[in-house]
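Enquirer: Predicted model and sequence below, questions to follow.
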There are 2 protein chains.
Amino acid sequence: MNFEYYEKELDTLSEYRRIHSLNVAKEAVRLAEKYGADPEKARLAGLLHDITKETPDDLQLKIIENGGIILTDVERRSPKLWHSISGAVTVRDKYGIDDQNIFNAILYHTTARAGMSRLEKCIFLADFTSAERNYPDIDVIRKFAEVSLEDGMLYGLKFTISRLSGRGNLISPNALDAYNEILLQK
Amino acid sequence: MNFEYYEKELDTLSEYRRIHSLNVAKEAVRLAEKYGADPEKARLAGLLHDITKETPDDLQLKIIENGGIILTDVERRSPKLWHSISGAVTVRDKYGIDDQNIFNAILYHTTARAGMSRLEKCIFLADFTSAERNYPDIDVIRKFAEVSLEDGMLYGLKFTISRLSGRGNLISPNALDAYNEILLQK
């Protein structure tokens, strides 16, 4: 995989987003090695997971449409979810990376879902624990991330669902399915 | 409808639960009259919504099984949801009340669901706003309940989803669907 080329592509992003992407890639590789996912795929998905995050909304919708993806009602009304979908399509269709696992890792990196692969879990979690993250409970989630992918994810999903419901924002059913699945497997 | 008989049946419950049931019935009638649901059905569903809440767990599971209902994984692991299901079955099979709307009003009175009838909404909401309720935000939800059934429900659903996710408890997908549906219709 041509990592240098993809790292160069990050120059189109803001400096904050570029550093975040590099950090997520690094953290995703670490988690992949620890938990038995493919480190090269983790690096690639980490580098490119936010590649369309700064793309204008209308262009993102175009990318999604051209990618043949029909948004659910919740997705259509949740612009913060669009970059995951347009990002997955971009990696597949613009960069020609034809790998379902990488596609899904980017597609579900914001919401998670039930039945995630280890690679998908690594990207979801690395996005919470990457080096530059600095929110109140960062030490707690980093600690859980060392216990298991699922413990780390559960903390992130609790945080996300609590915050969104407290604010009265839409919540992806995929996030709830992932949350319930982890609890049911405990 | 033989309300006296059903009120007498409440004597099998604790005094707290009996008073709560009478209050939910009264509040459900008030909401039904305000929002255009059937007040007699609201009274009946309100009286009987918790009829199995104090029934032992193993007996509730038996009632549910005998009623031909297969629990989802989330429901099986959430004993607090069982009384809604065993209650609906009891009202249908023991009391012979053959009314799908009353059945659903009791079945979904704890979780709510997408696509609720007005009767179902009245019972769900009356369970939050009945006269004896006395939790911190009771005045707020009572105020929203006067705006619309959906505004009142949304407040209740926000409260429930935030609390459950904060505690790391399972959350019924039906609750999330109801929550998202109200937000999407705003």
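Expert: Perfect, thanks for sending it.
Enquirer: And the helices in chain A, which stretches?
Expert: For chain A, the helices defined by DSSP state H occupy A:3-9, A:15-35, A:39-48, A:57-66, A:73-76, A:82-93, A:100-107, A:118-129, A:138-147, A:149-167, A:173-185.
Enquirer: For the fourth one, buried residues please.
Expert: Within helix A:57-66, the residues that count as buried by 16 or more other CB atoms under 10 Å in any protein chain shown are A:60, A:61, A:63, A:64. Every C-beta, even on glycine, is put in place using the N, C-alpha and C of the backbone.
Enquirer: near chain B, which residues of chain A?
Expert: Contact residues (CB under 8 Å from any CB of the partner chain) of chain A with chain B: A:73-74, A:77, A:154, A:157-158, A:161-162, A:165-166, A:168-171, A:173, A:176-177, A:179-180, A:183-184.
Enquirer: and if we set it to 7 Å?
Expert: With CB under 7 Å from any CB of the partner chain as the criterion, chain A meets chain B at residues A:73-74, A:77, A:158, A:161-162, A:165-166, A:168, A:170-171, A:173, A:176, A:179-180, A:183-184.
Enquirer: For PyMOL, write the select line for the buried members of those residues.
Expert: In PyMOL, a selection of the buried entries from the residues of chain A next to chain B looks like this (16+ other CB under 10 Å):
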select buried, chain A and resi 74+158+161+162+165+170+171+173+176+179+180+183
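Enquirer: per-residue confidence at residue A:135?
Expert: Note for residue A:135: predicted pLDDT of 89.
Enquirer: from the buried residues of helix A:57-66, which single one is nearest chain B?
Expert: residue A:61 (17.7 Å; CB to the nearest CB).
Enquirer: Quick check: closest non-adjacent residue to the closest one.
Expert: residue A:82 (7.0 Å; CB to CB, 6 or more residues apart in numbering or on different chains).
Enquirer: Over to residue A:67?
Expert: Distances taken as CB to CB, 6+ apart place residue A:89 nearest to residue A:67, at 3.3 Å, with adjacent residues excluded.
Enquirer: Would you confirm that the one you found contacts residue A:64?
Expert: Yes. Using CB atoms under 7 Å, residue A:89 is in contact with residue A:64, at 6.2 Å.
Enquirer: can you tell me how far the most centrally placed residue in chain A sits from chain B?
Expert: Note on chain A: the residue nearest the mean C-alpha position is residue A:109, at 2.0 Å, using CA atoms, centre = their mean. Distance, residue A:109 to chain B, by CB to the nearest CB, to the nearest Å: 20 Å.
Enquirer: Surely that residue and residue A:127 touch.
Expert: Yes. Using CB under 7 Å, residue A:109 makes contact with residue A:127 at a distance of 5.7 Å.
Enquirer: what is in contact with the two at once?
Expert: residue A:49 (CB atoms under 7 Å, 6 or more residues apart in numbering or on different chains).
Enquirer: Can you give me the buried ones in stretch A:112-131?
Expert: For stretch A:112-131, burial by neighbour count (16+ other CB under 10 Å) applies to A:112-114, A:116-130.
Enquirer: Over to stretch A:31-43?
Expert: Neighbour-count burial for stretch A:31-43 [16+ other CB under 10 Å]: A:31, A:32, A:35, A:37, A:38, A:39, A:41, A:42, A:43.
Enquirer: Next, format those as JSON lines and append pLDDT.
Expert: Converted to JSON lines, the buried residues of stretch A:31-43 look like this (pLDDT from 0 to 100):
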{"residue": "A:31", "pLDDT": "98"}
{"residue": "A:32", "pLDDT": "98"}
{"residue": "A:35", "pLDDT": "98"}
{"residue": "A:37", "pLDDT": "98"}
{"residue": "A:38", "pLDDT": "98"}
{"residue": "A:39", "pLDDT": "98"}
{"residue": "A:41", "pLDDT": "98"}
{"residue": "A:42", "pLDDT": "98"}
{"residue": "A:43", "pLDDT": "98"}
